[in-house]
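[1] Sequence first, then the predicted structure:
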Amino acid sequence: MDWIKYLIIPIFACSWVGVFLYKKYAIYKGIISHPNGRTLHELLIPRGGGIVFSLLFISAIFLIWRYQQLSDNLFLMVGVGGGMATFFGFIDDIKNIRARTKLIIQILLSSWVVYCLYSDTLLLLNWMPIFITIPACLFFMVWAINAYNFMDGVDGMAAFGAVFASLTLALVLFITDNFVELIPIFILIAAMVGGFIIFNWPPASIFMGDAGSIFLGYIFGSLLLFTTLNGHLSIWIWLTVFGYFFADTTVTQILRVILVKKWYLPHRSHAYQNLARITDSHLKITSGIALYNIIWILPLSVLSALKPEMEAIFAILAICPALVVAYKYGPLLSSS
């Protein structure tokens, strides 16, 4: 694992240079995000920048696997599967795939994760029959992919969330000394997305697009299933680390099902989107959520690693403030 410290700066630099060059390419090719009723920006901004850190990650994962530092099944799940998620996401950035086709693609990606987990016998649980486990994993993966996509609506927020979550999960694995082989993977994600966030921090000059958000949702979702089924990380740790994302997406979707007839249509009624309109600032919202993660979520995550018998309590503490914000400033505010 020592080799990773020599690659952090080069990988960060490659990501930074790659995004810089891709931005020029996207402008030249017209891969642009136009303002519309679902977005919060008013300028023409290049999109699809997530293709840079996604391809860097896939290349790095291949090399790690090639030199026998990664199991075949894990490589198939995050390397090959991540490549498919990136490909379909970038196609959507270019062509704007229809919602129904997107859902089919997400189900196929989720099926690939289930196949990899089943091949590793991780879905053969003593306490749950397989005919329940497989649909549950499929549903979760589709939800995870969409959830991360939903949270990419304010400059820098989804990118910072990926960097923060990756470093926090790596720290938890280090503290618990549990499956440390995953630590380099999380550090790789943080370094690669870190190079991108320089251009995506408010005011953003490029968006990650679906090539980035679908990729990140797929990677985090698949690693959550892998680590929880293996017993390396509990579901409570994951809920703590992604406390704000989980609260906002879950509350928003539940309220939209109750309040909105066509709840499945694209919208901008998340709490963070309403707050961005109220404050007229992406920077305030992204910075506020970043501080919430650093000051509140990070200590609770460390405490969960040190006192696993209390991790459920720490997860509830991590989520509750975000639940209040999501309930007060989410779809209820939009409907009023």
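    Right, received. Where do you want to start? For clarity, every value in this text was computed on a predicted model and none was experimentally measured.

[2] hey, let's count contacts and neighbours off CA atoms from now on
    OK.

[3] Could you confirm I297 falls within a helix?
    Yes: applying DSSP: H, G, I helix; E, B strand; the rest coil, one finds I297 inside a helix.

[4] Just to check, it is in contact with V241?
    Yes: counting by C-alpha atoms under 8 Å, I297 touches V241, with 6.3 Å between them.

[5] What segments of this structure are strands?
    Remark: strands assigned in the chain by DSSP state E are 32-33, 45-46.

[6] Please list the residues outside the last one that contact it.
    Outside of strand 45-46, the residues within contact range by C-alpha atoms under 8 Å, 6 or more residues apart in numbering are 23, 26-27, 30-34, 205-207.

[7] Quick check: the gap between the residue nearest to G330 when sequence neighbours are not counted and R256.
    The shortest distance from G330 to any non-neighbouring residue, by C-alpha to C-alpha, 6 or more residues apart in numbering, is to A271 (4.0 Å). According to C-alpha to C-alpha, to the nearest Å, A271 and R256 sit 12 Å apart.

[8] Settle it for me: which of those two has more neighbours?
    Neighbour count, other C-alpha atoms under 10 Å: between A271 and R256, A271 has more, with 26 against 22.

[9] Model confidence score at I132, please.
    We have a pLDDT of 84 for I132.

[10] which ones are touching it?
    By C-alpha under 8 Å, 6+ apart, the contact list for I132 is empty.

[11] Please renumber the chain so that the first residue is 30 from this point on.
    All set: I'll call the first residue 30, so the last point we hit is now I161.

[12] what about the helices in the stretch 230-365 of the chain?
    Using DSSP state H, counting those that start in this stretch, the helices of the stretch 230-365 of the chain run over residues 238-259, 264-270, 272-288, 300-308, 311-321, 327-335, 340-358, 360-364.

[13] got it, and the stretch 80-229 of the chain?
    Per DSSP H, counting those that start in this stretch, the stretch 80-229 of the chain carries helices over the ranges 101-103, 110-124, 128-148, 159-179, 186-205, 212-229.

[14] re earlier: L72: which of the helices of the stretch 230-365 of the chain is closest?
    With C-alpha to C-alpha as the measure, helix 311-321 is the member of these nearest L72 (13.6 Å).

[15] what sits up against that closest one?
    For helix 311-321, contacts defined as C-alpha under 8 Å, 6+ apart pick out 183-186, 189-190, 230-232, 273, 301, 304-305.

[16] Reformat those residues as TSV; add distance to V46 and neighbour count.
    Shown next, in TSV, are these (distance: C-alpha to C-alpha, whole Å; neighbours: other C-alpha atoms under 10 Å):
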residue	distance to V46	neighbour count
V183	23	25
D184	20	26
G185	18	27
M186	21	24
F189	19	23
G190	21	23
W230	16	21
P231	19	19
P232	19	14
Y273	31	25
Y301	30	24
L304	33	19
A305	30	19
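
[17] how about the residues you listed, which pair is most distant?
    P232 and Y273 (21.8 Å).

[18] Counting neighbours, what do you get for the nearest residue to I136 once chain neighbours are set aside?
    Excluding its sequence neighbours, the residue lying closest to I136 (C-alpha to C-alpha, 6+ apart) is V171, at 6.3 Å. Look at V171: counted by other C-alpha under 10 Å, it has 22 neighbours.

[19] Throw the helices of the stretch 230-365 of the chain into TSV and include distance to F117 and mean pLDDT, thanks.
    Compiled in TSV, those are given as follows (distance: least, C-alpha to C-alpha, whole Å; pLDDT from 0 to 100):
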stretch	distance to F117	mean pLDDT
helix 238-259	7	95
helix 264-270	26	96
helix 272-288	22	91
helix 300-308	26	91
helix 311-321	27	96
helix 327-335	33	97
helix 340-358	30	95
helix 360-364	29	77
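
[20] can you put those helices in TSV and add distance to R76?
    Formatted as TSV, the helices of the stretch 230-365 of the chain follow (distance: least, C-alpha to C-alpha, whole Å):
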stretch	distance to R76
helix 238-259	5
helix 264-270	27
helix 272-288	22
helix 300-308	19
helix 311-321	17
helix 327-335	30
helix 340-358	27
helix 360-364	27
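
[21] Mind checking those for the one nearest to L211?
    So among the helices of the stretch 230-365 of the chain, helix 238-259 is nearest, using C-alpha to C-alpha, at 9.3 Å.

[22] Would you mind listing the outside residues contacting that closest one?
    By C-alpha under 8 Å, 6+ apart, the residues outside helix 238-259 that reach it are 76-80, 82-83, 106-107, 111, 114-122, 138, 142, 146, 151-152, 166, 169-170, 173-178, 181, 187, 191, 262-264, 267.

[23] May I see the ChimeraX selection of the buried members of those residues?
    In ChimeraX syntax, the buried subset of these is picked out as below (16 or more other C-alpha atoms under 10 Å):
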select :76,77,78,79,80,82,83,106,107,111,114,115,116,117,118,119,121,122,138,142,146,151,152,166,169,170,173,174,175,176,177,178,181,187,191,262,263,264,267
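
[24] Could I get the buried residue list for stretch 192-207?
    In stretch 192-207, counting by 16+ other C-alpha under 10 Å, buried: 192-203, 205.

[25] average pLDDT across that stretch?
    Here the average pLDDT along stretch 192-207 is 95.

[26] right, and L327 touches T197 too?
    Yes: with contact defined as C-alpha under 8 Å, L327 and T197 form a contacting pair (6.8 Å).
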